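1. What would the 3D arrangement of this be:
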Amino acid sequence: MEFSRVFVVVASIFLCFLLAFFCTRFQDHEGDVHLHTFSRISLPPSPAPEAATPSYNGGYSAYTAVFDVRSFGAVGDGVIDDTQAFKMAWETACETESATLLVPHGHSFMIQSTIFTGPCKTGLIFQIEGTIMAPDGPSSWQHGNSRRQWLVFYRINEMSMQGGGVIDGRGEKWWDLPCKPHKGINGTTLPGPCDSPVAIRFFASSNLIVQGLKIKNAPQFHFRFDNCRNVLVDFLNIKAPPESPNTDGIHIENTNDVKIYNSVISNGDDCVSIGAGSHNVDIRNITCGPSHGISIGSLGIRNSRACVSNITVTDSIIKHSANGVRIKTWQGGSGSVSKVTFDNIQMDTVRNPIIIDQYYCMTKSCINQTSAVLISDILYTNIKGTYDIRSPPMHLACSDSVPCTNLTLSEVELLPSKGQIMINPFCWNAYGNPQTLTIPPLFCLLEGYPQALPQREADKC
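-> Below is the predicted model:
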């Protein structure tokens, strides 16, 4: 009996040791499984796919699909018509995610009037490193093509046009058409066809970037944005002779949320012109001139309604120009221009450095009309420099029936570029407040607010 109890105790101890041993082994095995699973996750992935051809200038991702226009038959000698090659390259790039259409360095591509149509896949880059040339004047323009536009981008979302290349509008022969203002006596025009193409036009497009390019000698406007949204223009160089007619640098119409930065523009018309239906426009660090300045308008032509608001022009230089910062409207229009700021602008030998002209007219035969675009809430701050003594430094000519209101001026100092005699500013029906003493003094500005400002539904925007 005693032996049996001893045997049971010893057996129990032995079983405990045996159970502990297997438990430890099982836990070790579980640890082995866990470590083994972790090591499988940490294995290197399968080899990456081959990268696409990298950028010509390192300006876009190594994984971008690059479509060189020469691969589609473009020659690039400046003589042969490369239009079809560009169209095929566009259609292919347009259907490819994050594609780049490459215009290579060292080549000049002549293309006829063309519409590049979207919508396209997102992330499209139009990389211009070489030169794109227009046909050489009206006689070289392809029969049946519109003479009002050269390169049109329609219904494009999220595209960047960029590079270090050149867009040459070859506008010289267009400027010499008999109808152009400088061809007739005393600025008159002569009969004959007058349509001239805008060089680059974006229409019904959004989320656009245009940067780094040089564009010269457009037959008419260099860039035009119609019905667009969210546009960035940066580091452009736009150039045409001072006598070239209607060669605005950048024109926007019915376009919102625009940024125009860090660009140099000289031409025969406005450096930047802002048309009807444009809102939230920020213009900064522009060197403008020779030119006609930076303008809002012209607005209200043929009794039309125009609304423009939230415009800012800052940190810029305007030199040797017919105007500085200008708001121009036709008699008979309606709508309003409001919430405009011109700040920190240097004038160098500029006629009309500050001008509001509500009697704008391309001829001398415009009839007087009572209706006008309402101009209000305009701020001029820190505008300094010199003016051409042929015109007053401040010209505020507002409508007889719709006066300008809430014009505010601060730190405005404008001196004659020649001589010592200062010309007095001109005001007509302009109400506002000089927050500091202007040079020359702006005694003609009316204080307060007009008592009988007409309230019209057409003025509400």
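2. show me what contacts Pro416?
-> Contact partners of Pro416, counting by C-beta atoms under 8 Å, 6 or more residues apart in numbering, are Thr386, Tyr387, Ile389, Met422, Ile423. All C-beta spots, glycine's among them, are computed from the backbone N, C-alpha and C.
3. Now tabulate the residues you listed in TSV and tack on secondary structure and neighbour count.
-> As requested, the contacts of Pro416 are exported to TSV (DSSP: H, G, I helix; E, B strand; the rest coil; neighbours: other C-beta atoms under 10 Å):
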residue	secondary structure	neighbour count
Thr386	strand	19
Tyr387	strand	26
Ile389	coil	16
Met422	coil	16
Ile423	coil	16
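4. Could you provide those in JSON lines, with additional columns for distance to Pro241?
-> Shown next, in JSON lines, are these (distance: C-beta to C-beta, whole Å):
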{"residue": "Thr386", "distance to Pro241": "23"}
{"residue": "Tyr387", "distance to Pro241": "23"}
{"residue": "Ile389", "distance to Pro241": "24"}
{"residue": "Met422", "distance to Pro241": "32"}
{"residue": "Ile423", "distance to Pro241": "29"}
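5. Hmm, Gly289 and Lys319 touching each other?
-> Yes. With contacts counted by C-beta atoms under 8 Å, Lys319 reaches Gly289, the gap being 4.0 Å.
6. between the two, what contacts are shared?
-> Asp348, Val350.
7. So between these two, which is more surrounded?
-> Higher neighbour count among Lys319 and Gly289: Gly289, with 26 against 18, using other C-beta atoms under 10 Å.
8. Show me where the protein has its helices.
-> For the chain, the helices defined by DSSP state H occupy 2-41, 83-94, 172-175.
9. which one of the ones you listed has the lowest average pLDDT?
-> Among the helices of the chain, helix 2-41 has the lowest mean pLDDT, at a mean of 39.
10. show me the contacts for Asp388.
-> Counting by C-beta under 8 Å, 6+ apart, Asp388 has contacts Thr349, Val350, Arg351, Ser417.
11. With adjacent residues omitted, what lies nearest to it?
-> Arg351 (4.2 Å; C-beta to C-beta, 6 or more residues apart in numbering).
12. What is the burial count for Leu236?
-> 22.
13. for the closest residue to it other than its chain neighbours, what are its contacts?
-> Spatially, and ignoring its direct neighbours in sequence, Leu236 is nearest to Ser263 (4.2 Å; C-beta to C-beta, 6+ apart). Going by C-beta under 8 Å, 6+ apart, Ser263 touches Val233, Asp234, Phe235, Leu236, Asn237, Ile238, Gly249, Asn285, Ile286, Thr287.
14. I'd like to know which of those residues are buried.
-> Buried subset of the contacts of Ser263 (neighbour count, 16 or more other C-beta atoms under 10 Å): Val233, Asp234, Leu236, Asn237, Ile238, Gly249, Asn285, Ile286, Thr287.
15. Where strands are concerned, which of those residues count?
-> Secondary structure from DSSP state E places Val233, Asp234, Asn237, Ile238, Asn285, Ile286, Thr287 of the buried ones among the contacts of Ser263 in strands.
16. gap between the last one and Ile167?
-> From Thr287 over to Ile167 the distance is 19 Å, taken as C-beta to C-beta, to the nearest Å.
17. Which single strand of this structure contains the most residues?
-> If you go by DSSP E, the chain has its longest strand at strand 334-350.
18. Let's test this: mean pLDDT of it, rounded?
-> Per-residue scores along strand 334-350 average to 98.
19. That strand packs against which elements?
-> strand 294-299, strand 305-319, strand 325-329, strand 374-387 (3 or more C-beta pairs under 8 Å, 6 or more residues apart in numbering; DSSP states H and E).
20. is it possible to export those to a markdown table including mean pLDDT and distance to Ile215?
-> Shown next, in a markdown table, are the helices and strands packed on strand 334-350 (pLDDT from 0 to 100; distance: least, C-beta to C-beta, whole Å):
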| stretch | mean pLDDT | distance to Ile215 |
| --- | --- | --- |
| strand 294-299 | 97 | 18 |
| strand 305-319 | 98 | 19 |
| strand 325-329 | 98 | 23 |
| strand 374-387 | 98 | 27 |
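21. Next, format those strands as a markdown table and append distance to Thr438.
-> A markdown table is the format used below for the helices and strands packed on strand 334-350 (distance: least, C-beta to C-beta, whole Å):
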| stretch | distance to Thr438 |
| --- | --- |
| strand 294-299 | 20 |
| strand 305-319 | 18 |
| strand 325-329 | 15 |
| strand 374-387 | 9 |
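22. Trp428 is nearest to which of those strands?
-> When those are compared for distance to Trp428 using C-beta to C-beta, the nearest one is strand 374-387, at 12.2 Å.
23. Report the angle between the closest one and strand 325-329.
-> Relative orientation of strand 374-387 versus strand 325-329 (axes from the mean of the first three to the mean of the last three C-alpha atoms, to 10 degrees): 140 degrees.
24. Strand 374-387 pairs with which strands, and in what direction?
-> Note on strand 374-387: by DSSP bridges, its sheet partners are strand 334-350 (parallel), strand 404-416 (parallel).
25. and those, which is most packed in?
-> Of all the strands paired with strand 374-387, strand 334-350 carries the top mean neighbour count, a mean of 22, counting by mean count of other C-beta atoms under 10 Å.
26. Using CSV, write down the CA coordinates of it.
-> C-alpha atoms of strand 334-350 as CSV (Å, rounded to 0.1, in the frame of the first residue of the first chain):
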residue,chain,number,x,y,z
SER,A,334,-24.4,98.1,-67.3
GLY,A,335,-23.1,95.9,-64.5
SER,A,336,-20.2,96.8,-62.2
VAL,A,337,-16.5,96.7,-61.4
SER,A,338,-15.8,96.4,-57.7
LYS,A,339,-13.3,95.3,-55.1
VAL,A,340,-10.2,96.1,-57.0
THR,A,341,-6.7,96.7,-55.5
PHE,A,342,-3.7,98.2,-57.2
ASP,A,343,-0.8,98.1,-54.7
ASN,A,344,3.0,98.6,-54.8
ILE,A,345,3.4,99.5,-58.4
GLN,A,346,6.3,101.4,-59.8
MET,A,347,5.7,103.7,-62.8
ASP,A,348,8.5,104.7,-65.2
THR,A,349,7.7,107.3,-67.8
VAL,A,350,4.0,106.3,-68.1
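27. and the angle for that strand with strand 294-299?
-> Interaxial angle of strand 334-350 relative to strand 294-299 (the same axes, to 10 degrees): 140 degrees.
28. and the angle for strand 334-350 with strand 305-319?
-> Using the same axes, to 10 degrees: strand 334-350 against strand 305-319 is 10 degrees.
29. ok, back up a step: can you redo the ones in strands among the buried ones among the contacts of Ser263 as TSV with pLDDT and distance to Ser334?
-> Shown next, in TSV, are these (pLDDT from 0 to 100; distance: C-beta to C-beta, whole Å):
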residue	pLDDT	distance to Ser334
Val233	98	30
Asp234	98	35
Asn237	98	38
Ile238	98	32
Asn285	98	34
Ile286	98	30
Thr287	98	35
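30. Perfect, that will be all.
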